[in-house]
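> Mind looking at a prediction? Sequence and model below.
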Amino acid sequence: MPDWQQQLWDAVDRRADELIEVRRHLHRHPEPSNQEYATSEFLQMRLAEHGIASVVPQHRRGVIADSEDQSAAKRVALRGDIDALVLKDRKQVEYRSRNEGIMHGCGHDAHATCVYGAIVTLAELAKAGALPCPVTWRGLFQPAEETATGASEMVANGVLQGVDGIFALHVDPTRAVGTVGVRANTFTAHCDAMRIEVEGAASHAARPHLAKDTIAAAAQFVTAIYQLVPRGIDSQDAAVVAITQIEGGSASNVIPDRVTMSGMIRALGRDVRNHVVGHVAHVAESVGQLTGTKIHIDFGVHIPGVENDLRLTNLVANISGSLLGTDRVQWIDRPSMGGEDFAFFQEHVPGVMFRLGSSRDNTPASGLHTPLFDIDERCLAIGAKVLATAVVEACLDS
C-alpha cells in the first residue's frame with residue numbers, strides 16, 4: 001500500500017467523529033427539494049472552517065467547492081445530493097428530524113457527508129504536501145435529486161466545465177457496513193413520471209347514460225396498461241408501469257367530469273423506455289375512444305439510466321478491495337429499477353456510482369424511503385476514503 005494512501009485513510013479516521021456530527025446535523029435539519037437553503041449555508045460554513053472556498057449558485061441551493069490546486073492534468077468531481085423526502089421520521093433517536101414531515105429517508109445526508117469528508121481530507125493532505133501528485137477536485141453538493149431537476153440545473157450552471165470524471169455513492173441498507181456494491185454499465189433504470197388527466201362529462205349517479213364516465217375510463221386505463229404493457233414488450237426486457245395516485249369525484253351521487261392520476265414508467269434501456277412510453281400513449285388514446293373521454297398524459301421529466309464507466313468502476317472496486325478486502329466488494333448482478341439523476345452528469349463526462357453498505361451487522365435494516373430508515377455511521381468514513389482515494393488515483397492516471 002502506498003504511504004500516501006495510508007496517510008489519507010488515517011486522516012479520514014481522525015475526523016470520524018466530525019463526519020458523524022455533520023451527518024447528524026443534516027439529519028436533524030432536513031429540507032425538501034428546491035428548499036435546501038439552510039443546508040447549503042451549513043455546508044458552506046463547515047467547508048470555510050477548513051479553508052475551502054465554495055460558491056452557492058444563483059438559486060441559493062447547492063454548493064460548489066474547488067481545490068486550491070488547479071494544476072493537475074485532470075479535474076475530478078465528487079457529487080453528494082442534499083435534499084430530503086416529504087416523509088415523517090419515526091425513529092426514536094436523538095438526531096431524528098426536527099422538521100415535521102421532512103426526513104432524510106434516502107441517505108442524502110450521508111452522501112453529502114462522505115463528499116465533505118473526502119474533500120476536507122484531500123485539502124488537508126495537499127497543504128501538508130502528503131499527496132503523490134497535483135490533485136484537482138470539485139465537490140458538488142447537489143439539490144433536488146428527488147425531483148430529478150438538481151443535476152441538470154447544476155450542469156446548466158457549468159459545474160462540469162473542465163471536469164474529466166465524476167464519482168458518487170449511494171448508501172444501501174441491504175448491504176452490511178464494510179461492504180461495497182459495484183456494477184459497470186447499466187446501473188439504474190430510465191424513469192418517467194406521468195400525470196394523467198381524464199376528461200369526460202358529469203352526471204347524476206342515477207343516470208350514468210348521460211355521463212362520459214371518467215371513473216370508469218380511469219379504471220379501464222389502469223387495467224389495460226397493467227395487462228397490455230407486459231404483453232407489448234419482449235419478456236426479457238425489464239419494464240415497470242405503476243399508477244400510484246388517483247383523484248376524482250366529490251360526492252357519492254355524482255359521476256365526476258375529471259379524474260387525475262399519477263404514476264411512473266421504469267425501463268432498462270432507452271429503446272425499451274421509448275417503446276413503453278409509446279405503448280402507454282396508445283392505450284390512453286384507445287381507452288378514450290372506447291369510453292368517449294379524453295385522456296391526456298404529461299410525461300414530465302425523463303431521467304436517463306445511470307451508465308457506469310467500466311474503467312472508473314474497476315477503479316472503485318480495486319480501491320474498495322484494498323480498503324475492505326476483496327471479499328467485501330460485491331459485484332451487482334442486475335441493475336436497479338430505481339432512478340437517479342446522477343445520470344445527467346454522466347451524459348457529459350464519464351462517471352460511476354457505487355453502493356455503500358450501511359446496515360448494522362446482523363440487524364435487519366429499514367429500507368430506503370421508509371420512516372425508520374437509518375444507517376450505521378461507520379459507513380461514512382468508508383465512503384469518504386473510497387471517494388478521496390479515487391480522486392487521487394484518477395489524477396495519478398493522467
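Thanks, I have it.
> Please report how far residue 266 lies from residue 193.
As for residue 266, its distance to residue 193 is 10 Å (criterion: CB to CB, to the nearest Å). In short, each C-beta sits where N, CA and C put it, glycine included.
> Which of those two has more residues huddled nearby?
A direct count of neighbours by other CB atoms under 10 Å for residue 266 and residue 193 places residue 266 higher, at 23 against 18.
> List the buried residues for the helix or strand where that one lies?
Using DSSP states H and E, the element containing residue 266 is strand 258-267. Within strand 258-267, the residues that count as buried by 16 or more other CB atoms under 10 Å are 259, 261, 262, 263, 264, 265, 266, 267.
> Which parts of this protein belong to which domain?
When the chain is parsed with automatic domain parsing, its domains come out as 3-188+305-396, 190-302.
> Tell me which of those domains is the most buried.
Stretch with highest mean neighbour count among the domains of the chain: domain 3-188+305-396 (a mean of 20; mean count of other CB atoms under 10 Å).
> what mean pLDDT does it have?
What domain 3-188+305-396 shows for mean pLDDT is 97.
> Do me a favour and get the end-to-end distance for it?
One end of domain 3-188+305-396 to the other measures 14 Å (CA to CA, to the nearest Å).
> Measure how far it is from the centre of its chain, please.
How far domain 3-188+305-396 lies from its chain's middle: 11 Å, per CA atoms, centre = their mean, to the nearest Å.
> if we can go back for a sec, excluding its own residues, what touches the strand holding residue 266? List them.
Contacts of strand 258-267 with the rest of the structure, by CB atoms under 8 Å, 6 or more residues apart in numbering, involve 189-200, 214-215, 217-218, 221-222, 237-249, 273, 276-277, 280, 299, 337-339.
> and residue 27, what is it in contact with?
95, 96, 97, 104, 109.
> Got the phi and psi for it?
Main-chain dihedrals, residue 27, degrees, to the nearest 10: phi -70, psi -40.
> Same question for residue 190.
Dihedral angles of residue 190 (phi, psi; degrees, to the nearest 10) stand at phi -70, psi 140.
> Out of the contacts of residue 27, list just those in helices.
residue 109 (DSSP state H).
> and the gap between residue 346 and residue 308?
The value you get for residue 346 to residue 308, if CB to CB is used, is 8 Å.
> for residue 387, same thing?
Distance from residue 387 to residue 308, counting by CB to CB: 15 Å.
> by contact count, what packs against the one helix or strand residue 168 maps to?
In the assignment (DSSP H and E), residue 168 maps to strand 165-176. Where contact means 3 or more CB pairs under 8 Å, 6 or more residues apart in numbering; DSSP states H and E, strand 165-176 is packed against strand 75-81, helix 108-127, helix 310-324, strand 351-359, helix 378-396.
> Can you convert these into JSON lines and add a column each for distance to residue 22?
Shown next, in JSON lines, are the helices and strands packed on strand 165-176 (distance: least, CB to CB, whole Å):
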{"stretch": "strand 75-81", "distance to residue 22": "11"}
{"stretch": "helix 108-127", "distance to residue 22": "5"}
{"stretch": "helix 310-324", "distance to residue 22": "21"}
{"stretch": "strand 351-359", "distance to residue 22": "16"}
{"stretch": "helix 378-396", "distance to residue 22": "8"}
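> and the residue nearest to residue 288 when sequence neighbours are not counted, helix, strand or coil?
Excluding its sequence neighbours, the residue lying closest to residue 288 (CB to CB, 6 or more residues apart in numbering) is residue 295, at 4.4 Å. Under the three-state scheme (DSSP: H, G, I helix; E, B strand; the rest coil), residue 295 adopts strand.
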